[in-house]
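> can you look at this prediction? I've put the sequence above it.
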Amino acid sequence: MATLSMTQVAGNARNGRLGLLKSQLDAALARRRVYRTALKELQSLSDREVADLGLSRASFRHLALETANRG
């Protein structure tokens, strides 16, 4: 018969929480990379290109945030 000590159980729970925290952090960093890339690309557009797309520079952060959260 197998038995688990309280230390083993607590250690497994801690590792599970740390694993979850790490995966959440990894996802947040990935979204941040997408946001920064999208924002940089939008900011590189000329005024003519921005006007042709029917955008305003004031909306760039919102558009980049939407792009990052879409994934």
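Okay, I see it.

> skipping adjacent residues, who's closest to Arg57 in space?
Closest residue to Arg57 apart from its sequence neighbours, by CB to CB, 6 or more residues apart in numbering: Val50 at 6.3 Å. Placement of C-beta: from N, CA and C, glycine included.

> how much space between the one you found and Leu42?
Val50 sits 8 Å away from Leu42, going by CB to CB, to the nearest Å.

> which one of the two is surrounded by more residues?
Each of Val50 and Leu42 has its neighbours counted (other CB atoms under 10 Å); Leu42 has more, 19 against 16.

> hmm, back to that, was I right to think the residue nearest to Arg57 contacts Leu63?
No - using CB atoms under 8 Å, Val50 is not in contact with Leu63; the gap is 11.1 Å.

> shared neighbours of the two, which are they?
Residues touching both Val50 and Leu63 (CB atoms under 8 Å, 6 or more residues apart in numbering): there are none.

> for the residue nearest in space to the middle of the chain, give its distance to Glu49.
By CA atoms, centre = their mean, the chain has its centre lying nearest to Arg31, at 2.1 Å. The gap separating Arg31 from Glu49 is 25 Å, by CB to CB.

> counting contacts, what elements does the worst-scoring helix or strand of the chain on mean pLDDT pack onto?
Taking mean pLDDT, DSSP states H and E as the measure, the helix or strand of the chain with the lowest value is helix 6-43, at a mean of 88. Other elements packing on helix 6-43 under the criterion 3 or more CB pairs under 8 Å, 6 or more residues apart in numbering; DSSP states H and E are helix 60-70.

> the helix it packs on: how far from the chain's middle?
Computed by CA atoms, centre = their mean, to the nearest Å, the separation of helix 60-70 from the middle of its chain amounts to 11 Å.
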